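Asker: predicted model, plus sequence, below.
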Amino acid sequence: MAKIYTDRDASLDPLRDKTIAVIGYGSQGRAQALNLRDSGLDVIVGLRPGKSWELAEKEGFKVYRVDEAVKRADVIMMLIPDMVQPEVWKNQVEPHLREGMTVDFAHGFTVHYGLIKPPEFVDVVMVAPKSPGAKVREEFLAGRGVPALVAVYQDYSGRALDTALAIAKGIGATRAGVIETTFKEETETDLIGEQTVLVGGLMELIKKGFETLVELGYQPEVAYFEVLNEAKLIMDLIWRYGITGMLERVSVTARYGGLTVGPKVIDDRVKENMKKAAERVRSGEFAREWVEEYRKGMPRLQKLLEDTRSHEIERVGKEMRRLLFGD
Ligand code: NDP
Ligand code: MG
Ligand code: MG
């Protein structure tokens, strides 16, 4: 059974007399900086001059260049994009680290794949919210929190876990529940999950379902409502009530049809494909490919995005969403 921490297992004390530098003020950076400050902690922001800098200042933070923020802080939160982290780390973070500091990540990618190699004299922890940044802030303001994973990569002080739990508490995650994991497990499950199920799997399932209906001569608009719009409604049921709870809430015909035909469509070959994808993540092959693609300026990513943008489901979707949401 996983080790799960809630509010009463965590204290803000390890952060009380510390200065926290949140590096980055984007999706996670902004949400976590605001939540930590609202929790009564001392937060500064590290950035380069630009849009984020202006926003963070407008929202009342003292903003510094990254190296300056690191010099002034005890806890560093690396909340800039994963592919940008290695360079910023090398030039502006690592040279200014002092013994006993804590470095926190929201995803294990750069540390797990060796793109960042922290020195032995700091604590290295992770608090990874399992949610987009906007939700991290929204739930906090509503008096709730989003679940998160917490991990210790390096425990120089002997108190790294307490510091990580304090961060988790400060951003509101312990209100929901925080599961202890490792950098390896968080990184690999996150990548495998988004590739095979969340982003990759869902998108392909919906596109192929749409193509099937359209190729059989049904109207694209009808196909859109059937496989894309309703997917959210079914997912909401699964999210709230579990798979059986969803089955109890759809028609008996859908229940029977889904249970008998589902495994024929998403069959064992799909699982074999998932295992192959997982193997590429676990061996580091995917990370190497992605770092290389990023260095080249992401030509393949641009091309794939373009192809997706011109898929018929997107053309129809635009019309349908105008109808539904007035876009
Ligand atoms: P974002 O893409 O939102 O980060 C953008 C921020 O980083 C901006 O403030 C940007 O400033 C700043 N930035 C970019 N480059 C630099 C630089 N060279 N120097 C200084 N600041 C820079 O990142 P995310 O919040 O999406 O991701 C941050 C971390 O959180 C990642 O490790 C990610 O894996 C993890 N994570 C993200 C989740 C999410 O929902 N997005 C969910 C869970 C984890 P500027 O305006 O100047 O460009
Ligand atoms: Mg991810
Ligand atoms: Mg994820």
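Answerer: Perfect, I can see it now. Ligands and ions are numbered 1, 2, ... in the order given.

Asker: would you point out which residue of the stretch 1-150 of the chain is nearest ligand 1?
Answerer: In the stretch 1-150 of the chain, the residue that lies nearest ligand 1 is Gly26 (2.1 Å; Cβ to the nearest ligand atom). Quick note: C-beta positions are derived from backbone N, CA and C, even for glycine.

Asker: against Lys71, how distant is that residue?
Answerer: 22 Å (Cβ to Cβ, to the nearest Å).

Asker: who's in contact with the closest residue to the residue of the stretch 1-150 of the chain closest to ligand 1 other than its chain neighbours?
Answerer: Closest residue to Gly26 apart from its sequence neighbours, by Cβ to Cβ, 6 or more residues apart in numbering: Ser52 at 6.6 Å. Counting by Cβ atoms under 8 Å, 6 or more residues apart in numbering, Ser52 makes contact with 24-26, 29-30.

Asker: only whichever of these are buried, select them in PyMOL.
Answerer: PyMOL command restricting those to the buried ones, with burial defined by 16 or more other Cβ atoms under 10 Å:
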select buried, resi 24+25+29+30
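
Asker: reformat the contacts of Ser52 as TSV; add distance to Asp190 and pLDDT.
Answerer: Shown next, in TSV, are the contacts of Ser52 (distance: Cβ to Cβ, whole Å; pLDDT from 0 to 100):
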residue	distance to Asp190	pLDDT
Gly24	18	98
Tyr25	22	98
Gly26	18	98
Gly29	18	98
Arg30	21	98
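
Asker: could you chop this protein up by domain?
Answerer: Domain assignment for the chain, taken from automatic domain parsing, gives 4-181, 199-266+297-325.

Asker: what's the closest of the ones you listed to Trp290?
Answerer: Across the domains of the chain, Trp290 has its closest neighbour in domain 4-181 (7.8 Å, Cβ to Cβ).

Asker: residues from the stretch 101-250 of the chain in reach of ligand 2?
Answerer: 190, 194 (Cβ under 5 Å from the ion).

Asker: point out where the stretch 101-250 of the chain drops to low pLDDT.
Answerer: Regions of the stretch 101-250 of the chain meeting the criterion pLDDT under 70 are absent.

Asker: which parts of it are helices?
Answerer: Along the stretch 101-250 of the chain, counting by DSSP state H, counting those that start in this stretch, helices occupy 109-112, 133-141, 160-170, 173-176, 183-193, 200-215, 220-224, 230-249.

Asker: contacts for the first one next, please.
Answerer: For helix 109-112, the surrounding residues in contact (Cβ under 8 Å, 6+ apart) are 78, 82, 85-86, 89, 105, 115-116, 118, 124, 126, 153, 183-184, 187-188, 191, 287.

Asker: now, of those residues, which are buried?
Answerer: Counted by 16+ other Cβ under 10 Å, these give 78, 82, 85-86, 89, 105, 115-116, 118, 124, 126, 153, 183, 187-188, 191, 287 as buried.

Asker: narrow those to those in strands?
Answerer: 78, 105, 124, 126, 153 (DSSP state E).

Asker: what are the bridge partners for the third one, then?
Answerer: On DSSP bridges, the residues paired with Val124 through beta bridges are Val103, Gln154.

Asker: pretty sure it is touching Leu161, no?
Answerer: No. Using Cβ atoms under 8 Å as the test, Val124 is too far from Leu161 to be in contact (11.7 Å).

Asker: now for the two: what residues contact both?
Answerer: Here Val124 and Leu161 share the contacting residues Val152, scored by Cβ under 8 Å, 6+ apart.

Asker: ok so, going back, what about ligand 1: which of the contacts of helix 109-112 touch it?
Answerer: Among the contacts of helix 109-112, the residues lying close to ligand 1 (Cβ under 6 Å from any ligand atom) are Asp82.

Asker: contact partners for Val66?
Answerer: Taking Cβ under 8 Å, 6+ apart, we find Val66 in contact with 23, 46-48, 88, 92-93.

Asker: before we move on, back to that, any chance of the domains of the chain in JSON lines with distance to Ser283 as columns?
Answerer: Formatted as JSON lines, the domains of the chain follow (distance: least, Cβ to Cβ, whole Å):
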{"stretch": "domain 4-181", "distance to Ser283": "11"}
{"stretch": "domain 199-266+297-325", "distance to Ser283": "18"}
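
Asker: can you name the residues that contact Glu188?
Answerer: With contacts defined as Cβ under 8 Å, 6+ apart, the neighbours of Glu188 are 112, 278, 281-282.
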